[in-house]
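J.: give the three-dimensional model of this entry:
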Amino acid sequence: MNAHHTVKSFDAELERLAAEIADMGEAALAQVECALQALEQRDAVQARRVIDGDDAIDTREREISHEVLRVLALRQPGARDLREVLASLRIASDIERIADHAVAIARLSLAIPDHAAPLPEQLRALGVLTCDIVRDVLRAWRSSDAGLAHAAWQRDDELDRTHAVLFHDLLDRMRETPADAARCTHLLFVAKNLERIGDHATNIAENVWFVVEGEAVR
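T.: Numbers count the residues shown, from 1 in each chain. Below you'll find the model as predicted:
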């Protein structure tokens, strides 16, 4: 095989690896959205579907890790190719953790009684914002768009502010209505899981920026 064919073959491997990671990310995002829907609708069946679906994402993360190690061993990539291969490993790990947090939210939804009060609007807003950021970083990865990755990375401040407002609102509600303390505690943990999903999304954004720009986000 000549050098041209070797380069084309390696490029195809990188494209396939990037696509596998993006698809895994979409599956994890779907898990988050389904977990939030289960929480909103008190849908135990959907919550258990999220929990049961975690094994498939774990398997995909292991397969991608093995593929990355194979590429490193056989191709010995340099410069941007090396950045992309290493970022693939880190991004796959962050996506797997996003899916884990979706499972945690699904489990929390099962602990909240069916007759409980509707979700606070701030929690809904936090869920929407979190999913939007994850969606944007996955788009940035697919398209190697450093600008989109940086914009998504900057939205983490908005997510942290929304989380802080919700946190204090739920604490106030627990003080005012002690009988609602158990439900509010579950919702605090839901909010914390969403905040952690946002952290993993910003990690992905940082890796996209690093691949494209060759330096850390400033």
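
J.: show me which positions of the least confident helix or strand in the chain by mean pLDDT end up buried.
T.: Lowest by mean pLDDT, DSSP states H and E among the helices and strands of the chain is helix 3-41, with a mean of 87. Neighbour counts using 16 or more other C-beta atoms under 10 Å place 13-14, 17-18, 20-22, 24-25, 27-39 of helix 3-41 among the buried residues. C-beta coordinates here come from the backbone N, C-alpha and C atoms, glycine included.

J.: counting contacts, what elements does that helix pack onto?
T.: helix 44-52, helix 54-75, helix 79-111, helix 121-143, helix 181-213 (3 or more C-beta pairs under 8 Å, 6 or more residues apart in numbering; DSSP states H and E).

J.: who are the packing partners of the last one?
T.: Under the contact criterion of 3+ C-beta pairs under 8 Å, 6+ apart, the helices and strands touching helix 181-213 comprise helix 3-41, helix 79-111, helix 121-143, helix 146-154, helix 156-176.

J.: residues near the closest residue to residue 37 other than its chain neighbours, how many?
T.: The spatial neighbour of residue 37 that comes closest, neighbours along the chain excluded (C-beta to C-beta, 6 or more residues apart in numbering), is residue 46 at 6.3 Å. Neighbours of residue 46 under the rule other C-beta atoms under 10 Å: 18.

J.: contacts only, for residue 46.
T.: Going by C-beta atoms under 8 Å, 6 or more residues apart in numbering, residue 46 touches 34, 37-38, 106.

J.: now do the residue nearest the centre of the chain against residue 63, distance only.
T.: Closest to where the C-alpha atoms of the chain average out (C-alpha atoms, centre = their mean) is residue 98, at 3.8 Å. Separation of residue 98 from residue 63 (C-beta to C-beta, to the nearest Å): 17 Å.

J.: any chance of the helices and strands packed on helix 181-213 in CSV, with distance to residue 197 too?
T.: Below are the helices and strands packed on helix 181-213 laid out as CSV (distance: least, C-beta to C-beta, whole Å):
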stretch, distance to residue 197
helix 3-41, 6
helix 79-111, 5
helix 121-143, 5
helix 146-154, 13
helix 156-176, 9
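
J.: stretch 86-105 - what's its average pLDDT?
T.: If you average the pLDDT over stretch 86-105, you get 97.

J.: any idea how far it is from the middle of the chain?
T.: Computed by C-alpha atoms, centre = their mean, to the nearest Å, the chain-centroid distance of stretch 86-105 equals 6 Å.

J.: before we move on, back to that, from the contacts of residue 46, which is closest to residue 194?
T.: Minimum distance to residue 194 across the contacts of residue 46 is 12.7 Å, recorded for residue 106 (C-beta to C-beta).

J.: correct me, but that closest one touches residue 47?
T.: Yes. Here residue 106 reaches residue 47: they are 4.1 Å apart, a contact under C-beta atoms under 8 Å.

J.: what about these two, which has more around it?
T.: In terms of neighbours (other C-beta under 10 Å), residue 106 is the more surrounded of residue 106 and residue 47; the figures are 30 against 24.

J.: contact partners for the more buried one?
T.: Counting by C-beta under 8 Å, 6+ apart, residue 106 makes contact with 34-35, 38-39, 46-48, 50-51.
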